[in-house]
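# Based on what follows, work out the 3D shape:
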Amino acid sequence: MVRYFREGESMKNLFRFIHHIINVCAASGKKRLGYSFLHILSLAMMAACFYGVYFMVTGADSVLAGAGLGGLVLSWIGIVICAAMGVLFFLQGFVAQIVTFITGLIGLAKAGERAANLAAALVALLSVVALIVAGVLLFA
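Residues are numbered from 1 along each chain as shown. Below you'll find the model as predicted:
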């Protein structure tokens with residue numbers, strides 16, 4: 001029998017994420033600035049996944065009108081997959097940006113890396129604020 005997920009695969013992904021957070025904490029100012037822009041990509045993937053859920057809930061009935069029960073089952077599978085990936089990307093991007101913000105502020109103590117750490121902290125803070133504002137505006 002073919003196993004699609006090996007045992008412990010989700011724990012490996014968790015450990016990779018923890019390792020990434022440790023790398024963000026240990027990074028220099030310029031590298032941390034790059035990480036803050038990379039985390040915005042994760043937040044954009046989250047938005048794309050949630051838009052996919054929204055599209056499948058509202059517009060998939062016209063797309064799959066002639067597909068019958070199989071189309072309905074496939075659309076629900078797509079909704080579940082997109083929602084799960086959206087939550088995963090949200091948690092990874094949001095937590096990583098909070099960590100980048102905090103470590104950017106801590107990195108202000110190094111005189112040679114103040115500008116890059118300040119820029120990384122500001123990019124992280126602005127992206128988190130933008131995410132919160134967008135969420136409030138969408139759900140209001």
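# By residue count, what's the longest helix in the protein?
Taking DSSP state H as the criterion, the chain has its longest helix at helix 68-106.
# State the next helix or strand along the chain beyond that one.
helix 114-139 (DSSP states H and E).
# For that following helix, could you pull out the residues that count as buried?
116-121, 123-125, 127-128, 131 (16 or more other C-beta atoms under 10 Å). (C-beta placed from N, C-alpha, C; glycine too.)
# cool, and stretch 27-42?
27, 29, 32-33, 35-36, 39-40, 42.
# pLDDT at residue 6, what is it?
At residue 6, the model reports a pLDDT of 60.
# repeat for the one 4 residues further on
Residue 10 is assigned 65 on the pLDDT scale.
# Then the one 4 residues further on?
According to the prediction, residue 14 has pLDDT 77.
# State the distance from it to residue 88.
With the distance defined as C-beta to C-beta, to the nearest Å, residue 14 ends up 11 Å from residue 88.
# Taking the buried residues of stretch 27-42, tell me the two that lie furthest apart.
Using C-beta to C-beta, the buried residues of stretch 27-42 span at most 20.6 Å, a distance reached by 29 and 42.
# which residues sit against the helix or strand where residue 15 lies?
For residue 15, the host element (DSSP H and E) is helix 9-26. Outside helix 9-26, the residues within contact range by C-beta atoms under 8 Å, 6 or more residues apart in numbering are 32, 35, 92, 95-96, 99-100, 103.
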